[in-house]
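> just coords:
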């Protein structure tokens, strides 16, 4: 079975989390009935924690349908969603609108409370972040939310939330062999404040896999949103040649471990300080057996040293967590969709 980790008193999660972004569109056609059956298979395999968001189109409803269709499994499932108010709504966001959005997530999921709500604020120049977080905390005290987390937050603003009395339990962030920005202060800050790290991007949308080992650098636009996003990270990391060196190193380790490149890449992150779980962006069961092997991989000192020999030559990406993506005119920010929540004004 998949090991578990406590991230708050009385609340444990599976160290592999089934991600929901890939079910929201932009990654191929989703067969709804098959997706629900796949969720049951993940839970039966021990991956009981699901990640979703109010801005992942249709995913909260999909998980809600699964919970209703499989009541025998529903009680063992943790659903971790996100509260991501639209960029266009930040300046006028009210407490009533925040509560209405949380109520909508409860309806979609068919639950009386949300296990973990991970809060994101698009633009730190727009005031109101602390007020919105305090509304979430009030809803936690009322029982609509069990725990509060953040996603894609930098150190300064995470500190501001803690200073305001917000009990942040987890931080979902991009953290991989290619992207080590959390090491620029975030990991140590979260260690001091007992905040669990939930990592996405550990396989870089599939770039960290046998599919790309020895392949020529792709040219042109991608139809897959993940590949578009993570190719930018590869360019910042050091380019295609350095990626190939990393893939070759991971392939050697995988061969000795009897697994694959993606599993080694995820296991490497899972072994890092303060990391409670990695998020698997699976749209089907094709890689479930390999996913399960992630928690069985034991990387030796020599394995980690071999990986570090390559990653130590990185050129970037630079800065704090998600800082590059917050520049809406930059390479990373231009590809992001900022207004997917469709918050309706509450009068």
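Okay, I see it. In this text the structure is predicted, and so the values were computed from the model without any measurement. Numbers count the residues shown, from 1 in each chain.
> what mean pLDDT does the strand or helix carrying residue 197 get?
Under the criterion of DSSP states H and E, residue 197 resides in strand 196-200. Averaged across strand 196-200, pLDDT comes to 98.
> so what touches that strand?
Strand 196-200 has contacts (C-beta atoms under 8 Å, 6 or more residues apart in numbering) with 5, 7, 17, 19, 21, 51, 80, 149, 169-176, 182, 186-187, 190, 269-270, 274-279, 281. In this view, the C-beta of every residue, glycine as well, is placed from N, C-alpha and C.
> show the buried residues in the residues you listed.
Neighbour-count burial within the contacts of strand 196-200 applies to 7, 17, 19, 21, 51, 80, 149, 169-176, 182, 186-187, 190, 269-270, 274-279, 281; the criterion is 16 or more other C-beta atoms under 10 Å.
> all strands in the stretch 51-200 of the chain, in order from the N-terminus.
Ranges of strands in the stretch 51-200 of the chain, per DSSP state E, counting those that start in this stretch, are 78-83, 114-119, 145-151, 168-174, 196-200.
> and the third one, how far out from the chain's middle?
What separates the centre of strand 145-151 from the centre of its chain is 13 Å, taken as C-alpha atoms, centre = their mean, to the nearest Å.
> quick one: it to strand 168-174, angle?
Interaxial angle of strand 145-151 relative to strand 168-174 (axes from the mean of the first three to the mean of the last three C-alpha atoms, to 10 degrees): 40 degrees.
> give me the mean pLDDT for strand 145-151.
Mean per-residue pLDDT for strand 145-151: 98.
> out of the strands of the stretch 51-200 of the chain, nearest to residue 258?
For residue 258, the closest of the strands of the stretch 51-200 of the chain is strand 196-200, at 23.5 Å, according to C-beta to C-beta.
> now stretch 305-325: buried residues?
For stretch 305-325, a neighbour-count test (16+ other C-beta under 10 Å) marks 307, 310, 311, 314, 317, 320, 321, 322, 323, 324, 325 as buried.
> and that stretch, end to end?
Criterion C-alpha to C-alpha, to the nearest Å; first-to-last residue distance in stretch 305-325 is 30 Å.
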